[in-house]
Every structure is written in C-alpha cells, then in structure tokens.
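Chemist: This is a predicted model, with the sequence first.
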Amino acid sequence: MIKVSVNGSINIIDNSYSVTTLIKELKLEKSRIAVEINNEILPSSMHNKYFLKNGDKIEIIQAVGGG
C-alpha cells in the first residue's frame, strides 16, 4: 500500500495502481479530464503506463461545459 494525494486529499491505495486505475476508481473514465502528477501534466496516452508511487501528488481537473 502507498500514500498519495489526490486533489489535496490523502489516499491509501494499492501499489499497483496506474493513473487509469485511479481514474476508474474515481468514476471519471467517461469525463473530460486533465491529470497532473507532481506538477507535471501527464498526457492521456501515458495514463495506463504511469504507475503511482508513494508520495505522488495528483491533481485531476474535470472540464465542465456550459453556456
């Protein structure tokens, strides 16, 4: 188990979580989102390849449309 920060909240997760797994766990897989890990934008093509590490700071920003 590892400890990561997601949008300012500390979460204890399995050490085999990829960003894709985290997005599914948060039920955001159908949303338009941007993911930042440790102050670096992570391209969506890398979500399945990046495995979260102890101490990672994750910010997930969801696009909201409207008019």
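Modeler: Thanks, I have the structure now.
Chemist: give me the number of residues near Gly8?
Modeler: By other C-beta atoms under 10 Å, 8 other residues sit near Gly8. Just so you know, the C-beta spots here come from the backbone N, C-alpha and C atoms, and that holds for glycine as well.
Chemist: Check Gln62 too.
Modeler: Neighbourhood size, Gln62 [other C-beta under 10 Å]: 10.
Chemist: so where's this protein uncertain?
Modeler: Within the chain, the segments meeting pLDDT under 70 span 66-67.
Chemist: residue boundaries of the strands in it?
Modeler: Per DSSP state E, the chain carries strands over the ranges 2-6, 9-13, 33-37, 40-42, 57-62.
Chemist: Counting by contacts, list what the last one packs against.
Modeler: Which is strand 57-62. Secondary-structure packing of strand 57-62 (3 or more C-beta pairs under 8 Å, 6 or more residues apart in numbering; DSSP states H and E): strand 2-6, helix 19-25, strand 33-37.
Chemist: hmm, 6 Å instead?
Modeler: Using 3 or more C-beta pairs under 6 Å, 6 or more residues apart in numbering; DSSP states H and E as the contact criterion, the secondary-structure elements in contact with strand 57-62 are strand 2-6, strand 33-37.
Chemist: Just the angle for that strand relative to strand 2-6, thanks.
Modeler: Relative orientation of strand 57-62 versus strand 2-6 (axes from the mean of the first three to the mean of the last three C-alpha atoms, to 10 degrees): 40 degrees.
Chemist: Give me the angle between strand 57-62 and strand 9-13.
Modeler: For strand 57-62 against strand 9-13, the angle between stretch directions is 110 degrees (the same axes, to 10 degrees).
Chemist: Alright, calling it a day.
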